[in-house]
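Colleague: quick one, what's the 3D model for this:
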Amino acid sequence: MGIALVTGGTSGIGAAFARALARRGYDLVLVARDEARLAEMAVELRGLGREVELLPADLSDRADVARVVTRLEDTERPVDMLVNNAGFGVHTRITAVDPSPHDLGLEVMVRAVLVLAGAAGRAMSARGRGAIVNVSSTAGFITMGSYSAIKAYVTSLSEGLANELHGTGVTVTALCPGWVRTEFHQRAGIRSSSIPKSLWLDADKLVETSLRDVEQGRVISMPSVRYRVLIWFARHIPRSLNRWVSRKISSSRRD
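Modeller: Next comes the predicted model:
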């Protein structure tokens, strides 16, 4: 099948992508900060018969991002799919005195996504094939602070890049999940009991659905009918009502 590069590939949605792609026959390049977890994930994926290359990198460090760009542009070992997954929740208020959590979010989930997707787009379009998946969020369709703004950017960026690469043989998909049962939400301090059970998604099923959307060339992938319905309403109700709902959802946010 080729080679897939997955950022944040040691946990949550990223790990689910790595496993699913390995089962499909892809060899993997895993990008993450934690070298011990990278090594653990490599053992698991090699057990599936795949070759695994480890690329320790902190995507808030621009020098590390540049190293990942170099790997994406390597013509000797071309990357056929990029999964831009690295990320984290930003629950700091916009009015907080310390803007550093927002700065970190912008580096990892805006600039790094832009730079890596751009590099992959250049390399893949030169070969006439490839797929780019940018993990966004349904949060981008509502108004929960800077995280929503970041994910709205990722979705819009993906649509713009899809336009740029139209006709080149390269597809671009923005994956927009809702709440997914992973350690992402545990780290963000979100209790499962605070979210209706019907809104939680399984990471493996989410990834399988999104990969089918990628294969069909869909630019927006929003797994599960319930989220597609909810976000349809979020996009069509008055903006004032959207903001009211967002306030209710994010009322527990604290500095």
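
Colleague: so where's the stretch 151-255 of the chain shaky on pLDDT?
Modeller: By pLDDT under 70, the weakly predicted segments of the stretch 151-255 of the chain are 179-200, 251-255.

Colleague: rerun at 90
Modeller: Scanning the stretch 151-255 of the chain for pLDDT under 90 picks out 177-206, 222-255.

Colleague: now the strands: where do they sit in it?
Modeller: 170-175, 179-180, 200-201, 220-221 (DSSP state E, counting those that start in this stretch).

Colleague: partner residues bridging the residue nearest the centre of the chain?
Modeller: The chain has residue 135 as the residue nearest its centroid, 2.1 Å off, counting by C-alpha atoms, centre = their mean. Counting by DSSP bridges, residue 135 is bridged to residue 175.

Colleague: distance of it relative to residue 201?
Modeller: 13 Å (C-beta to C-beta, to the nearest Å). Where C-beta positions appear, they are placed from N, C-alpha and C, glycine not excepted.

Colleague: one step back: give the contact list for the residue nearest to the centre of the chain.
Modeller: 13, 14, 83, 84, 85, 87, 154, 175, 177 (C-beta atoms under 8 Å, 6 or more residues apart in numbering).

Colleague: hmm, back to that, let me have the strands of the stretch 151-255 of the chain in JSON lines, adding distance to residue 32 and mean neighbour count as columns.
Modeller: As requested, the strands of the stretch 151-255 of the chain are arranged in JSON lines below (distance: least, C-beta to C-beta, whole Å; neighbours: other C-beta atoms under 10 Å):
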{"stretch": "strand 170-175", "distance to residue 32": "18", "mean neighbour count": "26"}
{"stretch": "strand 179-180", "distance to residue 32": "18", "mean neighbour count": "20"}
{"stretch": "strand 200-201", "distance to residue 32": "22", "mean neighbour count": "16"}
{"stretch": "strand 220-221", "distance to residue 32": "23", "mean neighbour count": "19"}
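
Colleague: make JSON lines out of those and add distance to residue 21.
Modeller: Converted to JSON lines, the strands of the stretch 151-255 of the chain look like this (distance: least, C-beta to C-beta, whole Å):
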{"stretch": "strand 170-175", "distance to residue 21": "14"}
{"stretch": "strand 179-180", "distance to residue 21": "17"}
{"stretch": "strand 200-201", "distance to residue 21": "19"}
{"stretch": "strand 220-221", "distance to residue 21": "15"}
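
Colleague: spit out the residues that contact residue 135 and residue 201 alike.
Modeller: Joint contacts of residue 135 and residue 201 (C-beta under 8 Å, 6+ apart) are residue 177.

Colleague: quick one: closest of the strands of the stretch 151-255 of the chain to residue 95.
Modeller: Residue 95 lies closest, by C-beta to C-beta, to one member of the strands of the stretch 151-255 of the chain: strand 179-180, at 25.5 Å.

Colleague: count the residues that sit near the closest residue to residue 65 other than its chain neighbours.
Modeller: Excluding the flanking residues, the one nearest residue 65 by C-beta to C-beta, 6 or more residues apart in numbering is residue 112, at 5.2 Å. Residue 112: 26 surrounding residues under other C-beta atoms under 10 Å.

Colleague: I am finished for the moment; much appreciated.
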